[in-house]
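Asks: pasting a predicted model and its sequence here:
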Amino acid sequence: MSVVGAEIPGYGIVGRAPVTLTLVHAVALLLVVVSLAVVLWQGLEERGVALAFGILIALGELTRWSGAEERESAPLAAAGALAYALLGENAGHHTDHGVLEIVAVVVAAALIGCVPHVARGRGPTADHLTRRVLTVAFAAVCFQPLYNQRRLTGWSGPSYALLLVSLLVLTALCDAVLAAAMAHARTRWPFGPLLRDELRATLGIGSAVCATGAVMSLAVAVVGLWALPVFSLPLLLTQLSVRRFAAVRVTYRQTIASLARATEIAGYTPAGHARRVAALSRAVGRELGLSEPDLTILEYAALMHDIGQLSLVDPVPAGATSALSADEQRRIALLGGAVVRQTGVDAEVAVVVERQADPYREQPVTARIVRAVNAYEEMAREAGPGGPLTALEKLRLATARDYQPEVVESLARVLLRGSLTLPQAG
């Protein structure tokens, strides 16, 4: 969701950034330009506060990790930016910084913190920076005018803290909607499932970011800027734990991918077949609106869908199981499920592998996807230059029993956005 055009390995690029996404980026860029211009012309109202929060945000970006699957890879920078947007007092003294100053400081600090990552070719994407700018601006617009106009003078204690938490929750919801809308505009995947996944992610590290942002704002209002390093430590430790968990997930996936390659190394399936089926299955699952946990199960099952062939004495020609009889397909699927269970992989993955040869009306949706995508990849590989269209036509003709029509049409839409390019070997 963070690159210009989603790429399915071996199947080409899925479109370019649409006009709506370009407009969102343009709005964020315009806001940044105006904010920087105003600050450069008028100067900073609260230099000490701006410097302290700028350093915190820059350090947060420096400690971000690249390549992680999590939505927020720089939680300290996000928490610092939100705390700055909702800051009204510094050690009991009223602050005078406005919305434009907040946006300018956050952007400048984020860009400084991103320099080492950009130098290594792992810098944040335009979507990431756009979301950061717009969410911080939203929080600041909701809070700063009210505070600067003394509308919150009577708010104190629990009521003031509840106000900050409410604004942070509202900001997090807006960020989730914005992220889902941007992903929908870029990929054309269903908006509802994308929003559901973003909200689920918000309950994880997102809740820690919001809580830390609220505590930082309240603490600085009472004890001053020295509260920032104190309350940054818990979030840094949380970030370290999340990073380790993400590393474990990556290692787990790599282990499954290595197991899946056993059929290629043994010569039972063509090189790259499992990887291509997994990538395309995940894209079809997204098109059908599967949740992130279901997509993970689907991807793992697609990687290991042919592992049952290792039990065969005579390899299937080119590993094309879709051309076999129904009984032979079911036997290989059951053998594959047994192998998956012995590897210790999630039992749900084994179920998908076992059920991929059943009539589609008796299958879970994940097994329907794996079966259709596997058949498509095998047919397209054997049919020459016109393979993709020929394979899709064969799948449509077999929707009475073998393949679910909705899955086949979702596959066609995914391939259409990729210009129906022929799968590449290896």
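Replies: Good, I have the coordinates.
Asks: hey, let's count contacts and neighbours off CA atoms from now on
Replies: OK.
Asks: quick one, phi/psi of residue 324?
Replies: phi -80, psi 170 (degrees, to the nearest 10).
Asks: one more: residue 249?
Replies: Given degrees, to the nearest 10, the pair of backbone angles that residue 249 has is phi -60, psi -40.
Asks: measure residue 372 to residue 350 for me?
Replies: Distance of residue 372 to residue 350, computed by C-alpha to C-alpha, to the nearest Å: 18 Å.
Asks: just give me how far the host helix or strand of residue 277 sits from the chain centre.
Replies: Using DSSP states H and E, residue 277 sits within helix 273-287. Counting by C-alpha atoms, centre = their mean, to the nearest Å, helix 273-287 is centred 16 Å from the centre of its parent chain.
Asks: average pLDDT across it?
Replies: Per-residue pLDDT over helix 273-287 has a mean of 90.
Asks: so which residues make contact with it?
Replies: The contact list for helix 273-287 (C-alpha atoms under 8 Å, 6 or more residues apart in numbering) reads 8-10, 188-190, 257, 260-261, 295, 298-306, 366, 369-370, 373-374, 377, 407, 410-411, 414, 423, 425-426.
Asks: hmm, residue 144 and residue 98 touching each other?
Replies: Yes - with contact defined as C-alpha atoms under 8 Å, residue 98 reaches residue 144; the gap is 6.4 Å.
Asks: which one of the two has more residues nearby?
Replies: residue 144 (21 against 18; other C-alpha atoms under 10 Å).
Asks: okay, helices next: where are they in the stretch 51-200 of the chain?
Replies: Taking DSSP state H, counting those that start in this stretch to define them, one finds helices in the stretch 51-200 of the chain at 75-85, 99-119, 126-148, 158-187, 191-201.
Asks: out of those, which gets nearest to residue 230?
Replies: Ranking the helices of the stretch 51-200 of the chain by proximity to residue 230 (C-alpha to C-alpha) places helix 75-85 first, at 12.4 Å.
Asks: mind listing what's buried along the closest one?
Replies: 75-85 (16 or more other C-alpha atoms under 10 Å).
Asks: show the buried residues in the contacts of helix 273-287.
Replies: 8-10, 188-190, 257, 260-261, 295, 298-306, 366, 369-370, 373-374, 377, 407, 410-411, 414, 423.
Asks: ok so, going back, and the buried residues of helix 75-85 as JSON lines, adding pLDDT and distance to residue 55?
Replies: As requested, the buried residues of helix 75-85 are exported to JSON lines (pLDDT from 0 to 100; distance: C-alpha to C-alpha, whole Å):
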{"residue": "75", "pLDDT": "85", "distance to residue 55": "14"}
{"residue": "76", "pLDDT": "87", "distance to residue 55": "11"}
{"residue": "77", "pLDDT": "89", "distance to residue 55": "10"}
{"residue": "78", "pLDDT": "89", "distance to residue 55": "13"}
{"residue": "79", "pLDDT": "90", "distance to residue 55": "13"}
{"residue": "80", "pLDDT": "91", "distance to residue 55": "10"}
{"residue": "81", "pLDDT": "92", "distance to residue 55": "11"}
{"residue": "82", "pLDDT": "92", "distance to residue 55": "14"}
{"residue": "83", "pLDDT": "92", "distance to residue 55": "13"}
{"residue": "84", "pLDDT": "92", "distance to residue 55": "12"}
{"residue": "85", "pLDDT": "92", "distance to residue 55": "15"}
